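J.: Here is the input, now give the coordinates:
(3 chains)
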Amino acid sequence: MDPLEFASPSVSAEELALEGDAAQRYVDGLSRAIARARLSDQYPPGKRLAAQVSAMGPAAHGGLYPELRVDRRSGLPSYREWTRVSADAELSSKILAELPPEDELRARAQREAGGAHDGIWTKQLRKLCYHRLLSTIDGTPPSQMVVKLRRVDPGQRRAWFHVVLDKLDQSGVFVRSCLDLAQTASFWSRPMLRLDDDAVRETQALRTIIYRLTSLDAELTFVRLADTEGLTIERVIKGTVGPVYVPGVAMPEALRAELPGPPAPGFLMATFGLDMAAGDVAEDGDNDPVEDLLTERLDPEGQAAYAAARQRYGYRVYKDRKLVVSSPALVDVAHRFCARMGTRNVVYALRGGAT
Amino acid sequence: MSRPHDVEVGDALAELVDQFADPLVFLRELVQNALDAGSPEVDVYAELRPSGDDPDQGVMVIGVDDYGEGMDRQIIDTRLTRLFSSAKDGDLTKIGKFGIGFVSVFALRPDAVCVDTSRGGEHWRILFRADRSFVRIAREHPVDGTKIQVFKAVTRAEYGDLAARAEKTLRHWCKHVSGTVRWNDDDIAEPFDVPGALCSVRSEAEGIRVVASYLPGGASSFGFYNRGLTLLEGTGSGFIDGVAFKVDSRYLEHTLARNDIMRDANFDKAMAVVEGLAREQLPAALWQRVQQVLEAEADTRSLDAVHRVAARVAASSEVPSQIPLLRAIDGAPLTAAAVRKAAKAGTLRNAEQRSALADAAVAAGVTVVEVRSGCAGTLALLGWLADGEVHHVARTFIMPGPLRDAEEQTRWAPLRAATEALLQAAGVRVAGVVPARFDYAGSCIARRLFVLQREPLSLSPWAEEVVRPAEWKRKDTVVINAAGDGVDAVLTLAQREPELAAYALVKLLHLAVGPLPVEVDAQLCSASAELRATRLSERLGVVAR
Amino acid sequence: MGDAIDVVEVLLTKDVPYAGESISVATLESAIEQERTRQDHQVKALQVLQHRNTEVSGSLAREVQQLGRVSQHLGQGRVNASVWGRFREAMARIPGFSSLAVTPQSVEEILRHQYEVSLVRVKEAAELADRLGMAEAELHDELERLNTKIIDSARNETLAAEHVLALQQERDRLELELESAIEPGPRTHEMQRNIDRLRRVMADHSMRLQLYHTAEGRLSRLQESTRLLIGTIGNLRNDVTAYATAASEKLDLVAGQIRAIGTAADASVVMLEMKRSLDAMAEALDQSTRFIADTQLYFRQSLPGLLDDLHVFDTQTRDVLQRNLELSQALEDERIARGVEFALLMQAEQEALPESSDA
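T.: Alright, predicted model coming up:
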């Protein structure tokens, strides 16, 4: 067995296996949708994600991988696919340096085309093309945290930071958590961030808190950190890529109701959520047609606890979402779906539809 | 839409916006705001919308769309419309600092400005009038980020001019921004390089990226950027002489008037990085570049260009001894060590290209460096490495060539024999007389009548000294320029009267190096007459027999 | 007589259709030398790949071991958590109670990091398998080339033998005729001249016969060692493929489990904070505990096996390689000995051939 074609455990109920044209159609549609969404810095990096998604298609890897697994919950490629692209990209320069020149590979691949060998040269030629493509994209792994210093006030022993964590969340969507916070150095509290000269580093404790709370509302992260000694949270914003609705992926009932029938091949509706908890949000609000505010789902006791927290820390929450649909004809469908959910959202369409 | 809400903008604005020398610089300010709003993409466009019946008149719309965090009412009221009220003050993750970005749109003296924006569930349209008063209207539908449209009534010709200038301005200020800036859907990004550089080095660290280069001719230039947005660009040696550099740092700031860069501790820190590169890595990269150009057998001009800069850099940095920097005429690479060694031994020369003489010099152990015609850079580098002037191989060596063919040899035979006999008769002892061609490539003896050589027609060192026939040595061969002045006439005469011709030739040889004393002339004359008589009598004797 | 001379002329001028380039001691030696150099390169390349295998399998083993340690850490941190510990953890996330926070590193993050590192190692192993595959394919091409050369040599040997026999037959006939000639004359001189010419041509083709025969033998031996090399590379490739596949299968399981951990160990615990129901809390804790136990069991069962496997693969590979290298050395010595022997034999044959044909 070829070890590159990794062992394929049976496709679970949570994953969709796409092959050939279907995989390519999905990859094209999704990467274009991510690019079309014009994602701001509060979202996971759109350009990088779109490029990584493109590298998952058969057109990029030439059939090196037999199938593409899609997470049925989020409609995004599974964790395995993202890490595969990152791992491949990490090895690209080494692989490219060791492969024979293209002319030689082509000649050998041509010779073996009718031969009895197992197509090793054809495979290497494909690898050459694939890794050349990978070497042009940013294959940074799905999880990374960046901390930037915003301001320092040495007099007050206070520093302001901007913290960003990108993560493929366990719920299958891609999440970016952005935090603006200030930290005052104190004898009594352990710092969450360290500042040495110009280098800023987060502590494991801060990283862990943000990391494990990505799948829940920004508000939870806000509250969780707000009571930490020495820390002032200004805002927490979570941008998400997904869920993406394609045939085979469960979609909200309200959306299904707006479609004349089961979604046709090529149908795609990508959603990009923004969830913020911040002191400068004018009013609490929920303009997300896909996901409610978590507190709305709590029992009265829980809601009261969070109402008290909002009062105490002086923040408000707002949830929003924009959508990209695969064809202009679906724009109305998207608006009607939003209207059903009581929201008004920005909707973009891919020009000429998804291929 | 809700009820409009009017607010006056302060008069300080008028003074401030007039500070901008180019009214279109507002594009830079808006792009800066867009980047600060977290929009990695910015769409800028211009269009002419018809107005009225006059086809030559219209309304120009310049639009700037971003997809950032947008603005709510509070931001609009407290920051957008007020000067010096930036929330970004001191924030190292933002470019803008002074809170004057947006109002710069009024430098264009627009008829109206429309801003559409959404944030936190609020959606607003702000309409500014020509007098800069504005009305804020609540929108029903959300917008993604902030969309700004600047309206100005123009003629078609004015539109063409303004649109072209807008594009130029945008490219100047935003070509290196970290996000994507599009002008009418075209990405204007340019790589963060010094265009036309001979060689470049880079440094990238958190918050700062630097590229330092050498330009042909050693020109200097500089560029300062914050998150890729141009702060200051220029040419000339205002910063580091002979180096062209670009530095992009989120810690750099422009002055309030946007016409210079703040010379603060952050500036010093950034410049220290640039200077470090220029002092250490850049010269090293140049030597590597010289080697590459040599190995790639690039055209003469390219090689000369890098040599020109290398000669200048050599003066202030250590030249690696083992990297090939020059090329011998046979194509072999030459390191600085090899050049210095040959210079010390006195065996270093240059030549434009291979020739019989240059090849003979190489075979004799001379290091002949290729210096193509007009390559002052290569010559300068060679001179620097040799620590003095390096002479052309054909100015310090000679190698007369043989006659064209056997026929010419035959024609010369009587004159050669007669001249040798005459010299002997006149008491001048030499090894022989050999006719030759002096007009070989690069010859420094083309106009000479003769030279003395121990090994005729071989390579020999050349010194511009006058050796009179009386000083000629027994081992010397007199090599005569077959194309020398008067030689052809003597040769023609020699076919009939070899002794007389020999007399004429020897006289020419004497006269070529100084005056001919009368007694010597007389001696030569009588000797040639005697030789002639002897020859004739021998011939008669043979006939008589 | 005229007919006989015609036969001689035909034989002497016959262009024997030998395949390939013309053969001589020098060309044969150079051809064999080329083949040997090629093979030496292959052996060196194999050594490099074997070295890479040691590195790759070593680092893969290290990373998987690390994965095992992560599992052990999880077991200590979670499975034995007391009731108080569970309560404290749940309370830690309720607004106002966070000063009690205990924030061990996210289980999900640790496993993900380890998974990602291990995945790169598995890919490196897969890459190594591909490189071995390429080396194997090149050696198969080499074998094919050697086969063609051997077939050519064998065919040429037959051609040479046939031609030598034909020449000998004609020479014998002429010698007999010469002996039976009554007196010397132009005809006998002509016969003697032809006998001499035939002898010269025979010497030439006899030498070719020898050379083609030798070439066939030596090429066959080269082919033999090429086959051995293919075998070694094939074994190594199979080994690498086996451990890469085994590791990737396990990683796939881990990928699935990471999701489960994300849900069970982190998010579910966080959900407890929301106090939606005590039942849900109890269930989630059970689920989490059960999962950790399962994971521990999995690691306890699978890891030692995998590590042993890796160890065995490595030892086996090294043994096979060692054997192969020893074999290579022996072949090399044998080659040299035979070369000397052959040279002496050739010399003797060359000297002896005209005399023997006189006999």
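
J.: Tell me how many other residues crowd residue 285.
T.: Went with chain A since none was named. Residues within reach of A:Gly285, counting by other CB atoms under 10 Å in any protein chain shown, total 17. Bear in mind the C-beta positions are built from the backbone N, C-alpha and C, glycine included.

J.: I was thinking of chain B, sorry if that wasn't clear
T.: Residue crowding around B:Ala285 was assessed by other CB under 10 Å; the count is 19.

J.: With A:Ala250 instead?
T.: The local packing of A:Ala250 (other CB under 10 Å) involves 12 other residues.

J.: Excluding chain neighbours, what is closest to it?
T.: A:Arg72 (6.5 Å; CB to CB, 6 or more residues apart in numbering or on different chains).

J.: For the one you found, give me its contacts.
T.: Counting by CB atoms under 8 Å, 6 or more residues apart in numbering or on different chains, A:Arg72 touches A:Ala13, A:Glu14, A:Glu15, A:Leu16, A:Gly248, A:Val249, A:Ala250.

J.: Identify the residues contacting stretch B:41-55?
T.: A:38, B:27, B:30-31, B:34-35, B:57-67, B:153-154, B:156, B:159, B:162-163, B:166-167, B:170, B:174, B:177, B:179-185.

J.: Could you restrict those to the ones contacting chain C?
T.: When these are filtered against chain C using CB under 8 Å from any CB of the partner chain, no residues are retained.

J.: Only the buried subset of those, as a ChimeraX command please.
T.: Remark: buried members of the contacts of stretch B:41-55, expressed as a ChimeraX selection using 16 or more other CB atoms under 10 Å in any protein chain shown:
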select /A:38 /B:27,30,31,34,35,57,58,59,60,61,62,63,64,65,66,67,153,154,159,162,163,166,167,170,174,177,179,181,182,183
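
J.: part of a strand, is A:Leu165?
T.: Yes - secondary structure of A:Leu165, determined by DSSP: H, G, I helix; E, B strand; the rest coil: located in a strand.

J.: Write out the residues of chain B neighbouring chain A.
T.: Taking CB under 8 Å from any CB, the part of chain B that reaches chain A is made up of B:37-41, B:67-69, B:72-74, B:90-93, B:120-122, B:140-145, B:180, B:206-207.

J.: hey, where'd the strands end up in the stretch 401-545 of chain B?
T.: All strands of the stretch 401-545 of chain B, identified by DSSP state E, counting those that start in this stretch, fall at B:432-436, B:450-453, B:460-461, B:477-481.

J.: Okay, now the sheet partners of the second one, with direction.
T.: Strand B:450-453 has the following strand partners under DSSP bridges: strand B:477-481 (antiparallel).

J.: Assess the claim that B:Pro400 and B:Pro435 are in contact.
T.: No - between B:Pro400 and B:Pro435 there is no contact, the gap being 9.2 Å when judged by CB atoms under 8 Å.

J.: and for these two, which residues touch both?
T.: Between them, B:Pro400 and B:Pro435 share the contacting residues B:Val479, judged by CB under 8 Å, 6+ apart.

J.: What's the PyMOL syntax to select whichever of the residues of chain B next to chain A are buried?
T.: Buried residues within the residues of chain B next to chain A, as defined by 16+ other CB under 10 Å, are selected in PyMOL through the command that follows:
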select buried, chain B and resi 37+38+39+40+41+67+68+69+72+73+91+92+93+120+121+122+142+143+144+145+207
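
J.: Which of the residues of chain B next to chain A fall in helices?
T.: B:Arg73, B:Gln74 (DSSP state H).

J.: Where does pLDDT dip in the chain?
T.: This is for chain A. Within chain A, the stretches with pLDDT under 70 are A:1-13, A:114-118, A:141-142, A:186-191, A:193, A:195, A:197-198, A:298, A:302, A:352-355.

J.: not quite, I wanted chain C
T.: The model of chain C has pLDDT under 70 over residues C:1-5, C:21-25, C:63-107, C:253-359.

J.: Tell me the residues of the stretch 201-350 of chain A that contact chain C?
T.: Taking CB under 8 Å from any CB, the part of the stretch 201-350 of chain A that reaches chain C is made up of A:204-205, A:207-209, A:211-213, A:215-216, A:220, A:223-224, A:227-229, A:294, A:298-299, A:301-302, A:305-306, A:308-309, A:312.

J.: Out of these, which end up buried?
T.: Burial by neighbour count, judged by 16+ other CB under 10 Å, picks out A:205, A:207-209, A:211-213, A:215-216, A:220, A:223-224, A:227-228, A:294, A:298, A:302, A:305-306, A:309 from these.

J.: These in helices, which ones?
T.: When these are checked against helices using DSSP H, the ones located there are A:205, A:207-209, A:211-212, A:220, A:223-224, A:302, A:305-306, A:309.

J.: The residue nearest in space to the middle of chain B: what's it in contact with?
T.: Of all residues in chain B, the one closest to the mean position by CA atoms, centre = their mean is B:Pro216, 2.2 Å from it. If you count contacts by CB under 8 Å, 6+ apart, B:Pro216 has them with B:Gly196, B:Leu198, B:Ala305, B:Arg308, B:Val309.

J.: which one among these gets closest to chain A?
T.: Proximity of those to chain A was ranked by CB to the nearest CB; the top entry is B:Gly196 with 24.6 Å.

J.: Now the closest one: closest residue in space that isn't a chain neighbour?
T.: Nearest one to B:Gly196, counting by CB to CB, 6+ apart, is B:Leu215 at 6.1 Å.

J.: pretty sure that neighbour contacts B:Ser200?
T.: No - the criterion here is CB under 8 Å, and B:Leu215 misses it with B:Ser200 at 10.0 Å.

J.: could you point out which element follows the host helix or strand of A:Ala339?
T.: For A:Ala339, the element it lies in under DSSP states H and E is helix A:331-340. With elements assigned by DSSP H and E, the helix or strand that comes after helix A:331-340 is strand A:347-349.
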